[in-house]
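Novice: predicted structure and sequence below. I'll ask about it afterward.
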Amino acid sequence: MFQDRQDAGRQLGELLKGVVTARGDDLVVLAIPRGGVIVARPVGEALGAPLDVIVPRKLGAPDNAELAIGAVALSGDEEITVLDEESLAWLRVPAGYVDSEVERQRREIQRREEVYRQGRPPAPLAGRTVVLVDDGVATGLTARAALAAVSRQHPKEAVLAVPVAPPETVREFGRLGLKLLALETPSPFGAVGRFYADFRPVEDDEVLAVLAASRTA
């Protein structure tokens, strides 16, 4: 569906120009690193909006870090945790493990925010329309944590915008009262990378270059 993340971002930006009415200082684009930053740059350009990052983190299962049992994001010093209760029950994950995994990911969030922001404060969100951007969602757990963290900062509106998402995730967000806009909702879904010709990993130096360029644009 998409050549690469930049192509996806350009297409997503065109969609959002017709959906999001806020512009300028009334709007901020928050990218979910790392891949979401590449998508978010053309989105920010299309909307004439400043670009910042929000860093949610997946909570990995015991002995299988790739299997998500939840996600965490930060709103200031507050931890916002979203848990997959079915996975927790099925895997019989003890509460002590969840607490330690949340703390481990909190430290990683703080480390990454320091790297990406380089001493700059987060963009203020109160009273603004906030568009969160990622390169796609599957279960949407990390994006839900990010939206919850944003909501604590009293935005006028918050919406998650992605190039691709499974239809069941779109329905789940709607059931939860969360706004999710996706260019494509294919089924069966599988993994986000299936829908990109080029889905190479994004490194921190690429993220930093995009953020630096957006500040000087």
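Specialist: On my side now, so go ahead. Numbering: from 1, shown residues only.

Novice: buried ones in the longest helix seen in the chain, by neighbour count?
Specialist: The single longest helix within the chain, with elements called by DSSP state H, is helix 95-117. Buried positions in helix 95-117, judged by neighbour count with 16 or more other CB atoms under 10 Å: Val98, Glu101, Val102, Gln105, Arg106, Ile109, Arg112, Glu113, Tyr116. For every residue, glycine as well, the C-beta is placed using N, CA and C.

Novice: averaged pLDDT, it. What do you get?
Specialist: Helix 95-117 shows a mean pLDDT of 94.

Novice: with stretch 57-66 instead?
Specialist: The model assigns stretch 57-66 a mean pLDDT of 92.

Novice: straight-line length of that stretch, end to end?
Specialist: 12 Å (CA to CA, to the nearest Å).

Novice: distance from that stretch to the middle of the chain?
Specialist: 18 Å (CA atoms, centre = their mean, to the nearest Å).

Novice: what's the answer for stretch 102-118, then?
Specialist: Stretch 102-118 sits 15 Å away from the centroid of its parent chain (CA atoms, centre = their mean).

Novice: what's it in contact with?
Specialist: By CB atoms under 8 Å, 6 or more residues apart in numbering, the residues outside stretch 102-118 that reach it are 33, 53, 55-59, 72-74, 79, 81, 122, 204, 207-208, 211.

Novice: filter those to the buried ones?
Specialist: Listed as buried from the contacts of stretch 102-118 are 33, 53, 55-59, 72-74, 79, 81, 122, 207, 211; burial here means 16+ other CB under 10 Å.

Novice: list the buried residues in whichever strand or helix holds Thr142.
Specialist: Using DSSP states H and E, Thr142 sits within helix 141-151. Using 16+ other CB under 10 Å as the test for burial, helix 141-151 gives Leu141, Thr142, Ala143, Arg144, Ala145, Ala146, Leu147, Ala148, Ala149, Val150.

Novice: just checking, what packs against that helix?
Specialist: Under the contact criterion of 3 or more CB pairs under 8 Å, 6 or more residues apart in numbering; DSSP states H and E, helix 141-151 touches strand 57-61, strand 64-75, strand 78-83, strand 129-133, strand 157-164.

Novice: strand partners (parallel or antiparallel) of the second one?
Specialist: Neighbouring strands of strand 64-75 in its sheet, by DSSP bridges, are strand 57-61 (antiparallel), strand 78-83 (antiparallel).

Novice: how far away is the closest residue to Glu78 other than its chain neighbours from Ala209?
Specialist: Excluding the flanking residues, the one nearest Glu78 by CB to CB, 6 or more residues apart in numbering is Arg152, at 6.4 Å. Here Arg152 is placed at a distance of 30 Å from Ala209 (CB to CB, to the nearest Å).

Novice: next: Ala71.
Specialist: 27 Å.

Novice: which of those two has more residues huddled nearby?
Specialist: Set Ala71 next to Ala209 and count neighbours by other CB atoms under 10 Å: Ala71 wins out with 25 against 13.

Novice: wait, that one sits on Val82?
Specialist: Yes: using CB atoms under 8 Å, Ala71 makes contact with Val82 at a distance of 5.1 Å.

Novice: what is in contact with these two at once?
Specialist: Common neighbours of Ala71 and Val82 (CB under 8 Å, 6+ apart) are Leu141, Arg144, Ala145.
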